[in-house]
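Visitor: Sequence and predicted structure below; questions after.
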Amino acid sequence: LLTQASFHLRFQPKYLYIFNIGVVDGNKGELPPMDPNGLADPYITCWLVDSSRVRQRKKSGKAITRILYRTKRPKWNDLLELTLNMGSIDDFTGIYNNDSINFENLSVQLEMWDKDVGFWGVILRFDRIGLGCLIIATIVGYVTGFADTFTSERLIIFRIVYVIFALLWLLSFVMSVIRRADDIPIGQCTVPLKILMDKRKHHLRFKLHSITSKQRPSFKNLMKEEKYVTPTNSVGGYGVIQ
């Protein structure tokens, strides 16, 4: 029975649960103003990183909180689940053990971002409008019979325009929605994985530090990338989360 259980448990992942409350009270916990209205649209991503701050995509998953709009004091109260694809299960006892994991070089990195509508978001919105107009024009053309007057050359041009709009929509959707390339970094913090693997609950507070490696497109020169400097709150920080 133990051998059979081990065979089935071998594929069960181990999870790290993170209950993200939000920022602490007071001026130190307040987020910096990220939008023109003086507020922010924050969310948090969780990764597993090594000592060089390189994301370990094969060793863990990715967890993301909800986006809270127009606030500098977000309270998520979200339970995040981070998958740890490490360790092993004994073939005889079926017991999971993490002796093979090098906890000294692994940390959980929390990154806070501001949801923003930048270059790719604007392209996506305009492309939706253009694609919608093309669809409506096509329907009207077939209903009224105007499309029957098109020559083969016009039909080819019309189809090429359709393909261009569709590819542009796909590209802007991937960059804006999936990769979130327009979002602005607020701050980040890390906690060693070693202190979180004792199967106990920990109440932790983290002071956010600036993310200096993020490059984002500039509206002044769309073909050039410039380093974005995150503003600070009223006490010169980036916020404190718990």
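Guide: Thanks, I have it.

Visitor: Quick check: phi and psi on Ile44?
Guide: Ile44 has phi and psi values of phi -120, psi 140 when expressed as degrees, to the nearest 10.

Visitor: okay, how far is it across stretch 21-29, tip to tip?
Guide: 12 Å (C-alpha to C-alpha, to the nearest Å).

Visitor: Could you do stretch 142-149 as well?
Guide: 10 Å.

Visitor: can you start the count at 32 instead of 1 from here on
Guide: Taking 32 as the first residue, the last one we looked at is stretch 173-180.

Visitor: What are the contacting residues of it?
Guide: In this structure, residues lying in contact with stretch 173-180 by C-beta atoms under 8 Å, 6 or more residues apart in numbering are 169, 171-172. The C-beta positions use only the backbone N, C-alpha and C, and glycine is treated the same way.

Visitor: can you check stretch 146-162 too?
Guide: 65-66, 72-74, 98, 100, 196-197, 199-200, 203-204, 206-208, 211-215, 247-248, 250, 253.

Visitor: Please apply the same query to stretch 181-200.
Guide: 154-155, 158-159, 161-162, 165, 172.

Visitor: Just these: which are in helices?
Guide: Counting by DSSP state H, the contacts of stretch 181-200 place 154-155, 158-159, 161-162, 165, 172 in helices.

Visitor: Selection in PyMOL covering whichever of these are buried, please.
Guide: Buried members of those, defined by 16 or more other C-beta atoms under 10 Å, are picked up in PyMOL with:
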select buried, resi 154+155+158+162
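
Visitor: Dump the ones in helices among the contacts of stretch 181-200 into TSV; add pLDDT and distance to Val80 as well.
Guide: Shown next, in TSV, are the ones in helices among the contacts of stretch 181-200 (pLDDT from 0 to 100; distance: C-beta to C-beta, whole Å):
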residue	pLDDT	distance to Val80
Ile154	90	31
Leu155	90	30
Asp158	90	35
Arg159	88	36
Gly161	86	40
Leu162	85	39
Leu165	85	44
Gly172	81	54
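
Visitor: dump the residue contacts of Tyr100.
Guide: 72, 146.

Visitor: quick one: low-confidence ranges for the chain?
Guide: Counting by pLDDT under 70, the chain shows low-confidence ranges at 32-45, 88-90, 117-133, 243-260.

Visitor: now the farthest one out in this structure, which residue is it?
Guide: Thr180 (48.4 Å; C-alpha atoms, centre = their mean).

Visitor: Ramachandran coordinates for it?
Guide: The phi/psi pair for Thr180 (degrees, to the nearest 10) reads phi -90, psi 0.

Visitor: before we move on, back to that, out of the contacts of stretch 181-200, the closest to Ile226 would be?
Guide: Nearest to Ile226 among these: Leu155, at 41.6 Å, using C-beta to C-beta.

Visitor: Show me the contacts of stretch 146-162 that map onto helices.
Guide: 196-197, 199-200, 203-204.

Visitor: Trp78: which of these is nearest?
Guide: Distance to Trp78 across the ones in helices among the contacts of stretch 146-162 (C-beta to C-beta) is lowest for Phe204, with 23.2 Å.

Visitor: Find the nearest non-adjacent residue to that closest one, please.
Guide: Among residues not flanking Phe204 along the chain, Leu155 sits closest, at 6.1 Å (C-beta to C-beta, 6 or more residues apart in numbering).

Visitor: same question, Leu235
Guide: Closest to Leu235 by C-beta to C-beta, 6+ apart is Val222, at 6.4 Å.
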